[in-house]
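K.L.:
Dropping the sequence and predicted coords here.
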Amino acid sequence: MEKNLEQLFQEKIDKEIRIEPKDWMPEKYRQTLIRQISQHAHSEIVGMLPEGNWITRAPNLRRKAILLAKVQDEAGHGLYLYSAAETLGISRDEMYEQLHSGKAKYSSIFNYPTLSWADMGAIGWLVDGAAIMNQVPLCRTSYGPYARAMVRVCKEESFHQRQGFEILLTLSRGNEAQRRMAQDAINRWWWPSIMMFGPKDDESPNTIQSMKWKIKRFTNDELRQKFVDICAEQIKILNLTIPDPDLKWNEERGHYDFGAINWDEFWQVIAGNGPCNKQRLDARKKAWEDGKWVRDAASAYAAKRVARKEVKVA
Amino acid sequence: MKQYIKKYYYGDYGEGKNGAADISTSGSSKQEWPLWEVFIRSKQGLDHKHVGSLHAADAQMAIENARDVYTRRNEGISIWVVESKYIHASNPDEADALYDPANDKAYRHPTFYDLPDELTHI
């Protein structure tokens, strides 16, 4: 019996053969990837905003240089990912348009405000930590350009998490006010961070197909549990607490149990009602609009140089 | 099936008219800077290797952007950029036929030859 394209495609996936841009792929696979990769790219770009807030307020030059480098990395990660998405047939401008119009989503975590310097620590440790947990398996995702982009992202990301932990560690060894500041940041960032893994498996409609296509390698709940287990140990080094009274080692499961997640809050933030949704999108749109003259000038300059060259040749 | 291979822009994607500058699914794309493929030589003595792509108005900007995007951690000592629309690629659907001539020529490999073990330095 002749196999159809879809069966051949699935066979390749099952054999761990990567899919490359020119290969045949089901339209749904393409669409799922465009959605996931562009959301991921948007998250990197919007993710620069909460931290950008603290570059000028960093407590010393060392911290400032580090934060600048980290934010620059995030811009780079956004660019790797936009490029990967473009290989699927969507243009960069279309993706920007989807972000600016609110059609495309980005990680809801970036709709929370950064109120103190300690937030830079909590973001590095928890938000980047959760991101890494999500991203490491994506280095083996079935779509070649996405996997290659993720390898680069993951290589660079680990300094982000380490510098965050170092900020918290320094504060945790400081005076009472500094300890309080660190604890307050962890209190505010913990729950949004564990929401970053997305809805529970039984409410995540895309998971089954994405697992079958090996776009995803682990389910949301598996990754979330892994993250909680690691953080529950790491917090001991900080001598601070995770704001969850139900967090407890479960000998039988070999995992930490944790309390109920406020999914209502999660869906509210996704729907646009988080504390900073409007501010983030406005900042992003303003940057795009304010940069228009620069883009136009560069295009005009390039066109002029081409024209001059043509005259010379003639 | 045709529709899945019509729109390809970067890297191995082919024909000039399909370059990023021609994507016209939304009006604004017309102003998009062209797409460039970036190749980096990581150290003297090694080949330039494809690392990804980026948008830039001209070649000089493409090289400067490539430095910022792809060599923030000393990944390179030399950068090549080429506008994506100038890259031509083989078609994966024709791979079987294209590479077929090499399939039955095992004698091109040194392991093909059955020689005595005592023969050394060969």
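P.N.:
Structure received. Numbers count the residues shown, from 1 in each chain, chains lettered A, B, ... in the order given.

K.L.:
Count the neighbours of residue 119 for me.
P.N.:
Since no chain was named, I'll use chain A. 26 (other C-beta atoms under 10 Å in any protein chain shown). Any C-beta I mention is one placed from the backbone N, CA and C, and that applies to glycine too.

K.L.:
meant chain B, my bad for not saying
P.N.:
Using other C-beta under 10 Å as the criterion, the residues surrounding residue B:119 number 7.

K.L.:
Tell me the secondary structure of it, please.
P.N.:
Three-state assignment for residue B:119 (DSSP: H, G, I helix; E, B strand; the rest coil): coil.

K.L.:
pLDDT score for it?
P.N.:
At residue B:119, the pLDDT value in this model is 94.

K.L.:
who's in contact with stretch A:69-83?
P.N.:
The set of residues external to stretch A:69-83 that reach it, using C-beta atoms under 8 Å, 6 or more residues apart in numbering or on different chains, is A:37-38, A:40-42, A:44-45, A:47-48, A:51-52, A:55, A:92, A:95, A:124, A:145-146, A:149, A:152-153, A:156-157, A:159-160, A:163, B:10, B:52-54, B:68-69, B:72.

K.L.:
Which strands or helices does the one helix or strand residue A:284 maps to pack on?
P.N.:
Taking DSSP states H and E as the criterion, residue A:284 maps to helix A:277-290. With contacts defined as 3 or more C-beta pairs under 8 Å, 6 or more residues apart in numbering or on different chains; DSSP states H and E, helix A:277-290 has these neighbours: helix A:27-46, helix A:48-55, helix A:92-100.

K.L.:
Strands of chain B, residue ranges please.
P.N.:
Remark: strands assigned in chain B by DSSP state E are B:35-41, B:48-55, B:78-83.

K.L.:
Now the lowest-mean-pLDDT helix or strand in chain B: buried residues?
P.N.:
Taking mean pLDDT, DSSP states H and E as the measure, chain B has helix B:95-99 as its least confident helix or strand, at a mean of 91. For helix B:95-99, burial by neighbour count (16 or more other C-beta atoms under 10 Å in any protein chain shown) applies to no residue.

K.L.:
One more: stretch A:111-126?
P.N.:
A:111-112, A:114, A:116-126.

K.L.:
and chain A, which residues reach chain B?
P.N.:
Along chain A, the residues adjacent to chain B under the rule C-beta under 8 Å from any C-beta of the partner chain are A:5, A:20-25, A:27, A:30, A:69, A:72-73, A:76, A:79-80, A:83-84, A:86-87, A:89-94, A:97, A:145, A:148-149, A:152, A:156, A:295-296, A:298-299, A:301-302, A:305.

K.L.:
hmm, which of the contacts of stretch A:69-83 are the buried ones?
P.N.:
A:37-38, A:40-42, A:44-45, A:47-48, A:51, A:55, A:92, A:95, A:124, A:145-146, A:149, A:152-153, A:156-157, A:159-160, A:163, B:10, B:52-54, B:69.

K.L.:
Now name the helix or strand holding the residue nearest to residue A:231 when sequence neighbours are not counted.
P.N.:
Distance criterion C-beta to C-beta, 6 or more residues apart in numbering or on different chains; nearest residue to residue A:231, sequence neighbours excluded, is residue A:242 at 6.5 Å. Using DSSP H and E, residue A:242 is not contained in any helix or strand.

K.L.:
Can you give me the separation between the closest residue to residue A:206 other than its chain neighbours and residue B:111?
P.N.:
Leaving aside its chain neighbours, residue A:206 sits nearest to residue A:32 (6.7 Å; criterion: C-beta to C-beta, 6+ apart). Per C-beta to C-beta, to the nearest Å, residue A:32 is found 43 Å from residue B:111.

K.L.:
Who has more neighbours out of the two?
P.N.:
Taking neighbours as other C-beta under 10 Å, residue A:32 and residue B:111 compare with residue A:32 leading, 19 against 6.

K.L.:
That one contacts residue A:209, doesn't it?
P.N.:
Yes - using C-beta atoms under 8 Å, residue A:32 is in contact with residue A:209, at 7.2 Å.

K.L.:
Pull up the overlap in contacts between those two.
P.N.:
With C-beta under 8 Å, 6+ apart as the test, residue A:32 and residue A:209 reach no residue in common.

K.L.:
that older thread, with the buried residues of stretch A:111-126 in mind, which one is nearest to residue A:180?
P.N.:
Of all the buried residues of stretch A:111-126, residue A:180 sits closest to residue A:118, with 9.1 Å by C-beta to C-beta.

K.L.:
Just give the closest residue to that closest one, not the sequence neighbours.
P.N.:
Spatial nearest neighbour of residue A:118, chain neighbours left out: residue A:185 (3.7 Å); criterion: C-beta to C-beta, 6+ apart.

K.L.:
And the contacts of the helix or strand containing residue A:307?
P.N.:
Taking DSSP H and E as the definition, residue A:307 sits inside helix A:292-313. Helix A:292-313 is contacted by residues B:31, B:33, B:57-58, B:61 when judged by C-beta under 8 Å, 6+ apart.

K.L.:
With stretch A:27-40 instead?
P.N.:
A:9, A:19, A:81-82, A:84-85, A:88-90, A:95, A:98-99, A:104-107, A:143, A:146, A:206, A:209-210, A:213, A:215, B:4.

K.L.:
Among those residues, which lie within helices?
P.N.:
A:9, A:81-82, A:84-85, A:95, A:98-99, A:146, A:209-210 (DSSP state H).

K.L.:
now those: which count as buried?
P.N.:
Buried, going by 16+ other C-beta under 10 Å: A:9, A:81-82, A:84-85, A:95, A:98-99, A:146, A:210, out of the ones in helices among the contacts of stretch A:27-40.

K.L.:
Give me the below-cutoff pLDDT ranges for the chain.
P.N.:
If you meant another chain, say so; for now it's chain A. Residues of chain A meeting the criterion pLDDT under 70: A:1-2.

K.L.:
that's the wrong chain, I meant chain B
P.N.:
Residues of chain B that meet the cut-off, pLDDT under 70, sit at B:1-30.

K.L.:
Residue A:136 against residue A:154, yeah?
P.N.:
Yes - counting by C-beta under 8 Å, residue A:136 touches residue A:154, with 5.8 Å between them.
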